[in-house]
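S.K.: coords please:
(2 chains)
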Amino acid sequence: MLDEYASLLSYRLKWAYLLGIILVLMVPVFFNFYVSFNEYGFGAANYKFTLDWYFVVFDDSQLKAAFGWTMFLAAITVVLSVPAGVLTAKLFKHSERKVLIVSLMLLPLFVPSDIFASALLVFFKNLNQGFELLSNMLGNDWFYGWFELGLMTAVIGLVIYTLPYVFIVTLITMGRFHDEQTEAARDCGATGWQAFWDIEFPQIRPGIFSAASFVVILTFNEYTRTSMLKGGFDTFTTVLVSEMLNTGMSEQSYAMGGIVSFVAILVIGTIIIGTLIRSERLEKVARAKNTPGM
Amino acid sequence: MSNNNTRTETVGFKGGRNIPASPTFISRILGENGLQKWIFYLPVAFMFLFFVIPTMLTVVWSFFERTMFWMKPGFTFFSYINFFTSSRFDNFLSSIFHSSISVFICLILGFPIAVFVRRNVPQVAQHRVILLFILPFMVSEIIRTFMLRPVLGRNGLVNSVLLQIGIISDPITVILFSPLGVIIGDVLSFMPFIVFAGFLAMEAVPKYVFEVCQDLGAGKWRTMIDIIIPLAAPGIFAGSVFIFVNALGVALIPSILGGPGAVNAGLIATQAIAALDFPLAMAISAIMMVTLFGLLYVGHRLFNLTRILEPTA
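M.R.: Below is the predicted model:
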């Protein structure tokens, strides 16, 4: 909306500034792709396009195992975080203690990853000691190792990290849904689950799929919480960071970085394009409804 | 969650009238007002158990005594004395200074974007434009931070471009492995947040406010300082606190871009854990948590932060 007082040049300059900022934010990512496709690596005088460094990554059995663990973690986190986020968003809509719920859900976003991962690490070690003590008192080993660092502790850390994002996205999506529809379904005899699954879910499905995609990316990208809470296995980013810190930036590191960025761009790009197409379609429907004679 | 206290379940249809089902003990327990209702509280209970309790316990653990490999219950200020009387505290203060600069730069660069989108972009396209900032935000922070090394380094992209254009004759070395490198890393990592928070806050500023300001002859600066910033204060504050606390607490950026000696609170905490000094790590975590919650409390009292989630369009 170009207001009547603003000049066209100023308006265009502001757009150029906005796009320039996005470009600057993306420069490290684009440069990573550029270097990863160079056969001679970073800083070489010559440039020759190749995909060989990516093949090297995919031939590395350790990296393939780490990739598998990462996807496994992401899948478990999606299965836990998404329903939890939807439940909390529904609780929020009907609760009178909105400030309490929103504070509980959003505060993890503000706590720095290293600080919270340290606290959770010490918490798990204490829990483990407490459970071992309980086992000893009961004279059996039922409670041994419940909170040993491993898959479960890593998943707990990741669910706490991703749940706020699912909550926000679902809440925004649910904001467009009218509760009268589920109330009408309930009055017609539908159970609470039927009203949700048959009436509400189809309308909030895009938001829930977006939230699930965010969870996959956040889990895929996450390093600090995973590395502190994972125990014995490796994920893609923990291998990447240890390689970068121990051996410096090798050509293989650039290719690994390229893969991580490509996954994120692919998923987010799909969401953005999907959102644009969907909102375009909704606008067309709205315009058609408002057109006289329709 | 719907209130169905008045709803009557039926088990059959006889003689043209519904036969009400008498709720059994099992159905009362498993029904919508029984266990099903409590399912909605499970995530809240989970967050309470694994977020609130560990967060609060950091304060308790910070007073424990250090042992060889762990810690034991006690009440000592040793970790705090250790922190405040060592060079760690000087590093902490300098990281507060650098984080404040990062917040200021993010505000200067990012908030005008939120204002521009709200003021000049058509209503239907506003969310789409803001969505563009999700892309850099969602690409791994590790990649974005690590890749700043070859971008900012002596033989990196920035120096190569500037040398080729002829703006500089020698490579700039102060932009990597220095406090400036850390600030650049913070700004590039966290700036999208000020755009998101600023835009959310700007949604609460009615569009006619801009027109009224223009009609009354207020200049751009006057409108920004006297009208826009006070109205968008909750978003500006929330975004600033997020950037400040993360610049202070995310260890990755100073460890990759800061060079030797560059630390922040997060790096001190992780170094303490690596040295098996858990009470010290918890003392630093406790200081960070108290700082964060104190800032959010003050911000909420001053600006009512929940306003961010209540756009008036």
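S.K.: Give the burial count for the residue of chain B found nearest chain A, as a bare number.
M.R.: Across chain B, no residue is closer to chain A than residue B:249, which sits at 2.5 Å (Cβ to the nearest Cβ). C-betas here are computed from N, CA, C, even on glycine. Summarising burial for residue B:249: neighbours were counted as other Cβ atoms under 10 Å in any protein chain shown, giving 29.
S.K.: roughly how far apart are it and residue B:93?
M.R.: According to Cβ to Cβ, to the nearest Å, residue B:249 and residue B:93 sit 15 Å apart.
S.K.: still on that earlier bit, pLDDT score assigned to the residue of chain B closest to chain A?
M.R.: Among the per-residue scores, residue B:249 shows a pLDDT of 90.
S.K.: now the one 10 residues further on
M.R.: The predicted local confidence for residue B:259 comes out at a pLDDT of 82.
S.K.: Can you tell me the SS state at residue A:214?
M.R.: Secondary structure assignment for residue A:214 (DSSP: H, G, I helix; E, B strand; the rest coil): helix.
S.K.: Would you mind measuring from the residue nearest to it when sequence neighbours are not counted to chain B?
M.R.: Nearest-residue entry for residue A:214: residue A:165, 5.0 Å, with adjacent residues in sequence omitted and distances by Cβ to Cβ, 6 or more residues apart in numbering or on different chains. Per Cβ to the nearest Cβ, to the nearest Å, residue A:165 is found 10 Å from chain B.
S.K.: cool, and residue A:129?
M.R.: In this view, residue A:129 and chain B are 9 Å apart by Cβ to the nearest Cβ.
S.K.: what residues are up against residue A:81?
M.R.: The neighbourhood of residue A:81, defined by Cβ atoms under 8 Å, 6 or more residues apart in numbering or on different chains, consists of A:158, A:159, A:162, A:163, A:166, A:215.
S.K.: picking up where we left off before, which residues does the residue of chain B closest to chain A contact?
M.R.: By Cβ under 8 Å, 6+ apart, the contact list for residue B:249 reads A:111, A:112, A:113, A:114, A:115, B:264, B:265, B:266, B:288.
S.K.: domain ranges for chain A?
M.R.: Structural domains annotated on chain A: A:1-36, A:52-290, as defined by automatic domain parsing.
S.K.: Deepest-packed of those, please.
M.R.: Each of these was scored by mean neighbour count; the highest is domain A:52-290, a mean of 18, by mean count of other Cβ atoms under 10 Å in any protein chain shown.
S.K.: So for chain B, the centremost residue is which one?
M.R.: residue B:242 (3.5 Å; Cα atoms, centre = their mean).
S.K.: Just list the residues touching it, thanks.
M.R.: Taking Cβ under 8 Å, 6+ apart as the definition, contacts of residue B:242 comprise A:109, A:110, B:190, B:193, B:197.
S.K.: if we can go back for a sec, can you list the domains of chain A in CSV and add mean pLDDT?
M.R.: Formatted as CSV, the domains of chain A follow (pLDDT from 0 to 100):
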stretch, mean pLDDT
domain A:1-36, 86
domain A:52-290, 88
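S.K.: could I get those domains as JSON lines with distance to residue B:164?
M.R.: Listed next are these as JSON lines, based on distance: least, Cβ to Cβ, whole Å:
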{"stretch": "domain A:1-36", "distance to residue B:164": "15"}
{"stretch": "domain A:52-290", "distance to residue B:164": "22"}
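S.K.: Of all the ones you listed, which one comes closest to residue B:207?
M.R.: Closest to residue B:207 of the domains of chain A is domain A:1-36 (Cβ to Cβ; 8.4 Å).
S.K.: ok, the longest helix anywhere in chain B near chain A or not?
M.R.: Assignment by DSSP state H gives helix B:87-120 as the longest helix of chain B. Yes: residues of helix B:87-120 contacting chain A under Cβ under 8 Å from any Cβ of the partner chain: B:109, B:110, B:112, B:113, B:116, B:117, B:119, B:120.
S.K.: still on that earlier bit, so the residue nearest to the centre of chain B versus residue A:24, what's the distance?
M.R.: Residue B:242 sits 20 Å away from residue A:24 when distances are taken as Cβ to Cβ.
S.K.: residue ranges for the helices of the stretch 201-313 of chain B, please.
M.R.: Along the stretch 201-313 of chain B, the stretches classed as helices by DSSP state H, counting those that start in this stretch are B:208-215, B:220-222, B:229-231, B:233-249, B:252-257, B:265-274, B:278-303.
S.K.: oh, I was asking about the stretch 51-200 of chain A
M.R.: According to DSSP H, counting those that start in this stretch, the helices that the stretch 51-200 of chain A contains are A:52-59, A:61-94, A:98-110, A:113-138, A:151-174, A:179-187, A:192-194.
S.K.: For the ones you listed, give me a markdown table that also has distance to residue B:275.
M.R.: Formatted as a markdown table, the helices of the stretch 51-200 of chain A follow (distance: least, Cβ to Cβ, whole Å):
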| stretch | distance to residue B:275 |
| --- | --- |
| helix A:52-59 | 34 |
| helix A:61-94 | 27 |
| helix A:98-110 | 27 |
| helix A:113-138 | 13 |
| helix A:151-174 | 22 |
| helix A:179-187 | 54 |
| helix A:192-194 | 52 |
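S.K.: and of the ones you listed, who's closest to residue B:58?
M.R.: Taking Cβ to Cβ as the measure, the helices of the stretch 51-200 of chain A were each checked against residue B:58, and helix A:113-138 came out nearest at 4.8 Å.
S.K.: Minimum distance to chain B, which residue of the stretch 101-250 of chain A gives it?
M.R.: Checked against chain B (Cβ to the nearest Cβ), the nearest residue in the stretch 101-250 of chain A is residue A:112, 2.5 Å away.
S.K.: Could you export stretch B:242-249 as CSV, CA atoms only?
M.R.: Below are the C-alpha coordinates for stretch B:242-249, written out as CSV (Å, rounded to 0.1, in the frame of the first residue of the first chain):
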residue,chain,number,x,y,z
PHE,B,242,15.3,-12.6,23.5
ILE,B,243,18.4,-11.3,21.7
PHE,B,244,20.1,-10.1,24.8
VAL,B,245,19.7,-13.3,26.7
ASN,B,246,20.6,-15.5,23.8
ALA,B,247,23.7,-13.4,22.9
LEU,B,248,24.7,-13.8,26.5
GLY,B,249,23.9,-17.5,26.7
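S.K.: how far is that stretch from where the chain is centred?
M.R.: The chain centre lies 7 Å from the centre of stretch B:242-249; the measure is Cα atoms, centre = their mean, to the nearest Å.
S.K.: and if you look at stretch A:123-139?
M.R.: A distance of 33 Å separates the C-alpha centroid of stretch A:123-139 from that of its chain, computed with Cα atoms, centre = their mean.
S.K.: for stretch B:44-53, same thing?
M.R.: The mean C-alpha position of stretch B:44-53 is separated from the chain mean by 19 Å, Cα atoms, centre = their mean.
S.K.: Over to stretch A:203-218?
M.R.: Counting by Cα atoms, centre = their mean, stretch A:203-218 comes out at 8 Å from the chain centroid.
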